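Q: Attaching a predicted model along with its sequence, questions to come.
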Amino acid sequence: MKISFKTGGRGKVTVLGDGQTIAAVDEEFLLTCGYKENDEIEGAQAAAFIEAACLRSAFLGAMRLIALRDHGKKELENKLVAKGHKRVFASQVCDDLENKGYIDDRAFAFALAGRLCENKGYSERRIKSELYQKGIARDIIDEVCQSIDNEPILRIIELLNTKFSGKLSTEKGIKKTFAALQRMGYGYSDIRSAMAQVDISTPED
């Protein structure tokens, strides 16, 4: 396999083998890989070079993603795969980033749960669902949810008095609020109970 490198803007480098793209890397990889333009490699040597290039590419992709916001480990791996990286390399990169402290599922889960609870008003059930979809382990989800204020009726009343206060003057608005609360993860009976406590006539079944 003949190695070649195609440089682009902002330090981007495309690694090619026999003219076919292997991976998009950076100038650091070009300087440290141990090979130069038109070097010929075969067998195990070629396989090791391809793996190194693909791992570097996945690492760079991961760092771009976590620079934008925190990610859970599985979420980050899935995003890398969706962007074209092979799962074996995405998984290895995420393991390495976790070991180095760049990603931390427990810290990520607590932070996300806090935002979903405080900013969006989601119920414990909805928060559990969101964390599960992010690939967070069940033991971490259980730990996180133990810290959530699990008083759904009181939380619904608070939402009725704040977030939805301007939508409760008409039957249509009440129905939309009821549906919104259900989407937020609150149970049917809890919503009816909360509305009754603040003298709101709930929609008929």
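A: That came in fine, so what should we check first?

Q: Just confirm residue 23 is within a strand.
A: Yes. Residue assignment for residue 23, taken from DSSP: H, G, I helix; E, B strand; the rest coil, places it within a strand.

Q: so it touches residue 17, yeah?
A: No. Under the contact definition of C-beta atoms under 8 Å, residue 23 does not touch residue 17, with a separation of 9.8 Å. The C-beta positions use only the backbone N, C-alpha and C, and glycine is treated the same way.

Q: between the two, what contacts are shared?
A: Common neighbours of residue 23 and residue 17, counting by C-beta atoms under 8 Å, 6 or more residues apart in numbering, are residue 50.

Q: Settle it for me: which of the two has more neighbours?
A: Between residue 23 and residue 17, counting by other C-beta atoms under 10 Å, residue 23 is the more crowded of the two (24 against 17).

Q: And for residue 74, the neighbour number?
A: Around residue 74 sit 17 other residues, with neighbours defined as other C-beta under 10 Å.

Q: tell me which element it falls in.
A: Secondary-structure element containing residue 74, defined by DSSP states H and E: helix 73-82.

Q: how far does the helix or strand that that helix is followed by sit from the chain's center?
A: Downstream of helix 73-82, the first helix or strand assigned by DSSP H and E is helix 87-99. Between the mean C-alpha location of helix 87-99 and the chain-wide mean there is a distance of 15 Å, by C-alpha atoms, centre = their mean, to the nearest Å.

Q: what's the next secondary structure element after helix 87-99?
A: With secondary structure assigned by DSSP H and E, helix 87-99 is succeeded by helix 105-118.

Q: May I have that next one as CSV, with CA atoms only?
A: Listed in CSV are the C-alpha atoms of helix 105-118, where the atom choice follows Å, rounded to 0.1, in the frame of the first residue of the first chain:
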residue,chain,number,x,y,z
ASP,A,105,-21.3,9.5,32.8
ARG,A,106,-22.1,10.1,36.5
ALA,A,107,-21.3,13.8,36.4
PHE,A,108,-23.0,14.2,33.0
ALA,A,109,-26.2,12.4,34.2
PHE,A,110,-26.4,14.6,37.4
ALA,A,111,-26.0,17.8,35.3
LEU,A,112,-28.5,16.8,32.6
ALA,A,113,-31.0,15.7,35.2
GLY,A,114,-30.7,19.0,37.0
ARG,A,115,-31.3,20.9,33.8
LEU,A,116,-34.3,18.8,32.8
CYS,A,117,-35.8,19.1,36.2
GLU,A,118,-35.2,22.8,36.8
